[in-house]
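Asker: next one to model:
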Amino acid sequence: MSDRDELIEANRTFYRAFESLDAEQMESVWLKDPQIICIHPGWPELAGWGPIMRSWERIFENVFEMKFDLRVVEARVNADLGFVLVEENLTQRGYEGVVKAKLLSTNVFARAGTRWWLVLHHGSPVMAPPADEPPLQ
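Answerer: Purely as a prediction, here's the structure:
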């Protein structure tokens, strides 16, 4: 398997952990390092293992189901660092019903030993223009 294929598989593992709503599975994809970063849509930057893992616990406690339809926009590897730019079409079911969202996320991985570890996740909502307004060129 190529480095790029391994990177894309590590990214898939992240989203399987996300959909599982299981904090232990989510912990298994992140590098245990004080310099990791996570920026959830609409949240401030979180840095370090403890704050990031607590954020996932909070998210998982407040939803019943999350399903992603993903499209890899770009994936690149440079030595032991790689990134995957992903278009996420998310459907989540929680206390307030079903919510659908489109997000663009950047997932940065560092290779340590023989595997890729997530070191940065940054998700941003994609805001669609009103139906009567053409998209910007």
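Asker: beta partners of the residue nearest the centre of the chain?
Answerer: The centroid of the chain falls nearest to His121 when counting by C-alpha atoms, centre = their mean (5.2 Å). For His121, the beta-bridge partners under DSSP bridges are Cys38, Asn107.
Asker: can you pull out the strands in this protein?
Answerer: Under the criterion DSSP state E, the chain contains strands at 37-39, 46-47, 63-78, 81-94, 97-112, 115-125.
Asker: for Glu6, which of those is the nearest?
Answerer: strand 115-125 (6.2 Å; C-beta to C-beta). Yep, even glycine has a C-beta here, placed from its N, CA and C like the rest.
Asker: what's around the nearest residue to Met53 once chain neighbours are set aside, how many residues?
Answerer: Among residues not flanking Met53 along the chain, Glu27 sits closest, at 6.1 Å (C-beta to C-beta, 6 or more residues apart in numbering). By other C-beta atoms under 10 Å, 15 other residues sit near Glu27.
Asker: roughly how far apart are Glu27 and Gln92?
Answerer: 21 Å (C-beta to C-beta, to the nearest Å).
Asker: I'd say Glu74 and Val84 touch.
Answerer: Yes. Here Glu74 lies in contact with Val84, judged by C-beta atoms under 8 Å, at a distance of 7.3 Å.
Asker: got a list of what the residue nearest to the centre of the chain touches?
Answerer: His121 is in contact with Phe14, Ile37, Cys38, Ile39, Ser105, Thr106, Asn107, Val108, counting by C-beta atoms under 8 Å, 6 or more residues apart in numbering.
Asker: I'd like to know which of these are buried.
Answerer: Buried residues within the contacts of His121, counting neighbours by 16 or more other C-beta atoms under 10 Å: Phe14, Cys38, Ile39, Ser105, Thr106, Asn107, Val108.
Asker: for the chain, what are the low-confidence residue spans?
Answerer: 128-137 (pLDDT under 70).
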